[in-house]
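**Student:** Provided below for reference: sequence and predicted model.
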Amino acid sequence: MSSVWCGRARRTYGERMTLLSRRIVVAGHAFRLHESTETHAPGVVTYVLVHGIGMSHRYFAPLHAALPRSARVISIDLPGFAGLPQPERDLEVEDMGRLLAELVAVLGLGRVVYVGHSMGAQWVLEAARARPEPVEGIVLIGAVVDERHRTLGAQARALVVDTLGETPAANAVVLVDYLRCGIRRYLKQARRMIEYSTASTVPALQMPVLVIRGGDDPVAGSEWSHALGAAAHDGVVVEIPGQQHNVHFSAPQAVAEAIEGWAPSAR
């Protein structure tokens with residue numbers, strides 16, 4: 001494993017936030033981490049934000065800024081996404097989850113809450129299964145794959161409907177990240193996403209689970225999301241009215257408040 005600082009990035013989302021970025025290689029796979037410049041007390045909980053298929057940390061920036069300053073927040077770009085080198089072989093969901101868990105162990109983060117969006121929900125579930133010890137809870141935003149959409153065609157149709165309801169800003173971020181990912185890489189991972197059983201993994205974990213969906217999300221339906229919450233050992237479901245699949249981008253404050261109110265340390 002090697003770690004290299006590779007510069008700073010400054011973005012504005014309601015208030016100015018400076019993120020430090022570094023690239024870390026775990027088991028031959030490159031990750032990129034983005035973290036604020038603030039220092040935190042030892043033992044503070046760390047929120048690990050994990051993007052979905054084809055995406056990057058960029059669409060997590062509004063939520064990153066909205067989460068409480070008392071917590072440590074790290075947004076992650078996964079191997080093969082956001083311009084990072086492609087893995088030599090296409091990774092199964094379980095493989096990516098194990099790599100993510102290894103990254104958390106290498107960083108020595110201690111108390112962790114994973115926050116995964118869309119396919120990122122699958123990856124964080126597998127990370128928690130691989131190394132459950134530091135995980136205080138898991139947040140699944142727009143979790144896939146809804147049983148109504150278990151084919152590539154059904155997924156594509158749901159995403160088209162979602163695009164029509166998203167804000168122009170959200171669609172712009174998604175489009176750029178999809179182009180960077182590439183269609184071949186996207187389709188390979190989409191097949192892994194559809195094959196993976198989120199519904200059977202959730203009840204196998206013992207930590208609390210928060211399921212969040214936009215009230216108008218056509219990708220992660222209400223019935224599906226509530227079923228996931230009910231299947232969890234300690235599950236809570238929050239629906240944010242009037243929002244789409246990328247609810248963490250378009251309504252970051254509402255999502256942050258839901259997470260903060262649910263957080264195991266606050267219960």
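**Tutor:** Perfect, I can see it now.
**Student:** Next one: residue 196 from residue 39, what distance?
**Tutor:** 37 Å (Cβ to Cβ, to the nearest Å). The way it works is simple: take the backbone N, C-alpha and C, and place the C-beta from them, glycine included.
**Student:** quick one: which of the two has more around it?
**Tutor:** More neighbours surround residue 196 than the other of residue 196 and residue 39, with 21 against 7 (other Cβ atoms under 10 Å).
**Student:** Quick one: residues contacting that one.
**Tutor:** 93, 122, 145 (Cβ atoms under 8 Å, 6 or more residues apart in numbering).
**Student:** So which of the residues you listed are in helices?
**Tutor:** If you go by DSSP state H, these have 93, 122 in helices.
**Student:** Residue 227: which of the contacts of residue 196 is nearest?
**Tutor:** Nearest to residue 227, judged by Cβ to Cβ, of those is residue 145 at 12.5 Å.
**Student:** ok, the closest residue to the closest one other than its chain neighbours - contacts?
**Tutor:** What sits nearest to residue 145 in space, not counting adjacent residues and going by Cβ to Cβ, 6 or more residues apart in numbering, is residue 194, at 5.5 Å. Taking Cβ under 8 Å, 6+ apart, we find residue 194 in contact with 145, 150, 151, 152, 155.
**Student:** Quick check: the fourth one vs residue 53, distance?
**Tutor:** When you say that, I think you mean residue 152. Applying Cβ to Cβ, the value for residue 152 to residue 53 is 12 Å.
**Student:** Now for these two: what residues contact both?
**Tutor:** In contact with both residue 152 and residue 53: residue 190, using Cβ under 8 Å, 6+ apart.
**Student:** With neighbour numbers in mind, choose between these two.
**Tutor:** Ranked by neighbour count (other Cβ under 10 Å), residue 152 and residue 53 place residue 53 first, with 25 against 13.
**Student:** how about the residue nearest to that one when sequence neighbours are not counted, what does it touch?
**Tutor:** Counting by Cβ to Cβ, 6+ apart, residue 119 is the residue found nearest to residue 53 once chain neighbours are left out, at 4.1 Å. By Cβ under 8 Å, 6+ apart, residue 119 lies in contact with 52, 53, 93, 144, 189, 193.
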